[in-house]
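Enquirer: I would like the atomic coordinates for the input below:
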Amino acid sequence: MGREKIYQEEEFPTPLLQLWYKFKQTPVVMVGFGCFVFLVTLAIFAPIITPYPPVENHLNDILLPPSWHANGDVSYLLGTDNLGRDMLSRLMHGTSLTFGLSFVVVIISLIVGVIIGSISALTEGVKSSFLNHFLDVILSIPSLLMAIIIVAILGPGLSNTLWAIVMVLIPQFIHITRNAVKEEFSKDYVLASRLDGAGSLRILHYSIFPNIIEKLISQATLAQSAAILDIAALGFLGLGAQIPMSEWGAMLASGIDYFYVAPWTVYLPGLAILFAVVATNLVGEGMRHALKLRKES
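Expert: This next block holds a predicted model:
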């Protein structure tokens, strides 16, 4: 016969679990989170589930309006563009290029920025002061302007655009990581670990990173919304994704000439960019609100 439990064990949730409990209290934020998960899923599976290849031309169905229009065709739910390409397929595939690549860009920037920011937080003196002032100068320049300058040097193209945005986002993660690590190093629990003989790297890995990860995730959502806009803006300017790629900014640029004839070629990719940015910003705002509630409780 099993022994009965006399004492109840109290379980303390991890910092991330506490953040999730606070995060899901706001219904609007959960709607944004659902939209964000939908975009992530679509970015992964879009190449498989698109009705047509994104560059396939249907020359008999050029500038066909969406299916709910009187002249629309249910075979092309959101209509076609000036070359007869299915707008729905291009928008779905564009999710992988605009939203999906922004996710990859942010992850790379986050990893590099956290490593450099953690190392800089452990340094002192002239090196630390120089890095701090250098970051202040870099962060004072608008991210899109910096990306345009870097792409102008590297040359147009989607790959160069992604590297440019990575280089633009890295200083943001270095700055927030450096400040967060320095703030945690001044707390009592770090002093207790030092008295136990733990080195700086061990304290950083086992004590500090678990306590700052939510700040990094919050910053990552902000950085992703900026990355989406930068990728789309550079594509619109002709410096990013090139024709015939189905990136949302490039689609917006190619549809401008047909705005009065076929307005859906402009407002559909524009709405897709807006939807992705709003969903990402809602998740980021929910993270910041949850962090604030967690600190107050």
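Enquirer: residues of the least confident helix or strand in the chain by mean pLDDT that come out buried?
Expert: Counting by mean pLDDT, DSSP states H and E, the chain has its least confident helix or strand at helix 126-139, which shows a mean of 72. Neighbour-count burial for helix 126-139 flags 131, 135, 138 (criterion: 16 or more other CB atoms under 10 Å). For every residue, glycine as well, the C-beta is placed using N, CA and C.
Enquirer: Look up phi and psi at G155.
Expert: Per-residue torsions, G155: phi 110, psi 150 (degrees, to the nearest 10).
Enquirer: what's the neighbour count on it?
Expert: Using other CB atoms under 10 Å, the number of residues around G155 comes to 9.
Enquirer: ok, now how distant is it from I243?
Expert: According to CB to CB, to the nearest Å, G155 and I243 sit 16 Å apart.
Enquirer: Quick check: closest non-adjacent residue to F259.
Expert: Counting by CB to CB, 6 or more residues apart in numbering, F259 lies nearest to V266, which is 5.0 Å off, once chain neighbours are set aside.
Enquirer: avg pLDDT for the helix ranked longest in the chain?
Expert: Using DSSP state H, we find that the single longest helix of the chain is helix 264-296. For helix 264-296, the mean pLDDT works out to 88.
Enquirer: buried stuff in that helix?
Expert: For helix 264-296, by 16+ other CB under 10 Å, it's 264-266, 268-269, 272-273, 276-277, 279-287, 289-291, 293.
Enquirer: before we move on, what about stretch 184-191?
Expert: 184-185, 190.
Enquirer: pLDDT-wise, what's the bottom of these?
Expert: V190 (75).
Enquirer: about what we covered before: which strands or helices does the least confident helix or strand of the chain pack on?
Expert: With contacts taken as 3 or more CB pairs under 8 Å, 6 or more residues apart in numbering; DSSP states H and E, helix 126-139 sits against helix 101-122, helix 158-185.
Enquirer: so the shortest one versus helix 158-185, what angle?
Expert: Translated: helix 101-122. 40 degrees (axes from the mean of the first three to the mean of the last three CA atoms, to 10 degrees).
Enquirer: for helix 101-122, the distance to its chain's centre please.
Expert: Put simply, helix 101-122 sits 13 Å off its chain's centre (CA atoms, centre = their mean, to the nearest Å).
Enquirer: got it, and the last one?
Expert: A distance of 13 Å separates the centroid of the chain from that of helix 158-185, by CA atoms, centre = their mean.
Enquirer: which of the buried residues of helix 126-139 lies closest to N82?
Expert: I138 (40.6 Å; CB to CB).
Enquirer: dump the residue contacts of the closest one.
Expert: 146, 171 (CB atoms under 8 Å, 6 or more residues apart in numbering).
Enquirer: run the last query once more with 10 Å
Expert: 146, 167-168, 170-172, 174-175 (CB atoms under 10 Å, 6 or more residues apart in numbering).
Enquirer: Kindly report the same for W68.
Expert: For W68, the contact set (CB under 10 Å, 6+ apart) comprises 74, 77-79.
Enquirer: what's the spacing between the residue sitting nearest the centre point of the chain and L101?
Expert: For the chain, the residue nearest the mean C-alpha position is Q224 (2.2 Å; CA atoms, centre = their mean). Using CB to CB, Q224 is found at 10 Å from L101.
Enquirer: list the contacts for S75?
Expert: Contacts for S75 (CB under 10 Å, 6+ apart) come out as 51-52, 58, 61, 64, 67, 86.
Enquirer: Mind giving me the PyMOL command for buried ones among the residues you listed?
Expert: Restricted to buried positions by 16+ other CB under 10 Å, the PyMOL selection for those reads:
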select buried, resi 52+58+64+86
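Enquirer: Distance to I119, secondary structure and pLDDT for the contacts of S75 - can I get that in CSV?
Expert: Listed next are the contacts of S75 as CSV, based on distance: CB to CB, whole Å; DSSP: H, G, I helix; E, B strand; the rest coil; pLDDT from 0 to 100:
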residue, distance to I119, secondary structure, pLDDT
P51, 49, coil, 89
Y52, 49, coil, 91
H58, 55, coil, 86
D61, 57, coil, 85
L64, 56, coil, 89
S67, 55, coil, 88
D86, 49, strand, 92
